[in-house]
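Engineer: below are the sequence and a predicted model; questions follow.
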Amino acid sequence: MNEPLNGVSEEAVALTRDALVIDIYTTGFNQALRTLTKSGASQEPGWFTKTAEELGADRASVRFNLPHIKEGGLNVFAPSMPDIAIAGSSFGIANEYQLSSQIARRHAGETEWPEDWSDFAWPPDPYAHYSLQYPPRSGMANALVAHEILMREIDAVDELSLVRTADDILRTQAEGKVGVLLDCNCVQMIEDALELLNVMHRLGFRQMLLARFSRNLVVDSWVQTRTGGGLTPFGEAVIKEMNRLGMIIDLSHTSDPGFWDVLKTSEAPVICSHSNARAVHYHPRNLTDDQIKALAEKGGIIGLMCIFVGPGQDYRDGKSWPVSDPRFQKWLDHFDHMLALAGPDHLGWGSDGYHSMIATPAELPKLAEGLLQRGHSAEVIRKFLGENYLRVFKDIANA
């Protein structure tokens, strides 16, 4: 099913496989479990090591598994949790509405996102927004279910290893294993209890998204921009507790006012794990130039992703793109723009899942190839692929 790595040099392949490669936010594991469910294959632990043929699934649907990860040179990935699919339903934060997906569909074919996009923060169609994205279960219950599913797989597969410290990242790379770094998606899972942050930390969670598609007790999301809401008093307490514990604060999906409030409040660097540049593609999920510069000045990093690269469905076709494709070149434009603003120490890779462009982790050398063709040095590429995130992780999670 994979697009052959045509046009990818041996230099790019060797660089990727030798480098530390970290996907700092991916829904890939969730996609894999969803595929497993639809195919009717056994969910006995160890399924993550199997090929499409072994699972009895369609080859094109198996995008994220251990064979693809090893082939592409991915050393560590951070699965979005508890956004894991079981029996056809997405386990995640209860009672979030599918606002963003409806807004995105409404404007999918437009050349650029409307300048007055915040006017569409609530879809005008009567009752159309009342489809729940997740089943009515508490966020913490979902988080614990997702944790158990993932830990069963880690326990069953010797090549998988839970990452808690920077030393764990380096150890898994040295041993040829694949590290799993637990990501809280998102803050609703702690409800109104700060103590639950400590529980999540004890379980191994090391970073947390502050918003997704709705307003919450901490901060507003990008679809709530018309409210002008930023960080709440409870949100300020969450930021301080995350700083104390050494948990990484993730501002992707956060409203613009919330972004600035968190940046002023946090004593530690913050990240945007999956966000591109708004100046290259005008979409509210992408970052403004001022946000990019400010996040870099704070010492954090931005994970460039496979979606919100450009306008229309062509950019979300679910297919692999060769490096020469104009859409792949548009992604490289995002990289070059952000590099000019933030410098080489503040960019990383946060796929948000292998939906389009890079269809599986096996194709990760295409990133290095594109960057080499743009004239970027091996040092810059290595920093982007994983070294920058390792630095931030060491500064925060090992503190």
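Structural biologist: Everything's here; your move. Numbering: from 1, shown residues only.

Engineer: any idea how far Asp256 is from Gly179?
Structural biologist: Taking C-beta to C-beta, to the nearest Å as the measure, Gly179 falls 33 Å from Asp256. Glycine gets a C-beta too; all of them are placed from N, C-alpha and C.

Engineer: likewise Glu159?
Structural biologist: Where Asp256 is concerned, Glu159 sits at a distance of 41 Å (C-beta to C-beta).

Engineer: returning to what we had before: more crowded one of Gly179 and Asp256?
Structural biologist: The neighbour comparison of Gly179 against Asp256 (other C-beta atoms under 10 Å) goes to Gly179, with 23 against 19.

Engineer: show the subsequent helix or strand relative to the helix or strand containing that one.
Structural biologist: Using DSSP states H and E, Gly179 maps to strand 178-180. Counting by DSSP H and E, the element after strand 178-180 in chain order, helix or strand, is strand 182-184.

Engineer: each with direction, which strands does that next one pair with?
Structural biologist: Strand 182-184 pairs in its sheet with strand 76-81 (parallel), strand 205-209 (parallel), by DSSP bridges.

Engineer: and among these, the most buried is which?
Structural biologist: Comparing the strands paired with strand 182-184 by mean neighbour count (mean count of other C-beta atoms under 10 Å), strand 76-81 comes out on top with a mean of 26.

Engineer: who touches that strand?
Structural biologist: 20-30, 69, 143, 146-147, 150, 163, 169, 172-173, 178-185, 205, 207, 209, 273, 361, 386 (C-beta atoms under 8 Å, 6 or more residues apart in numbering).

Engineer: one more pass at 7 Å, please.
Structural biologist: 22-30, 143, 146-147, 150, 163, 169, 172, 179-185, 207 (C-beta atoms under 7 Å, 6 or more residues apart in numbering).

Engineer: before we move on, back to that, make TSV from the strands paired with strand 182-184 and add distance to Leu347 and mean pLDDT to it.
Structural biologist: TSV is the format used below for the strands paired with strand 182-184 (distance: least, C-beta to C-beta, whole Å; pLDDT from 0 to 100):
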stretch	distance to Leu347	mean pLDDT
strand 76-81	16	92
strand 205-209	17	95
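
Engineer: of the ones you listed, give the one that comes closest to Thr35.
Structural biologist: strand 76-81 (14.5 Å; C-beta to C-beta).

Engineer: what secondary structure does Ile302 sit in?
Structural biologist: The three-state label given to Ile302 by DSSP: H, G, I helix; E, B strand; the rest coil is strand.
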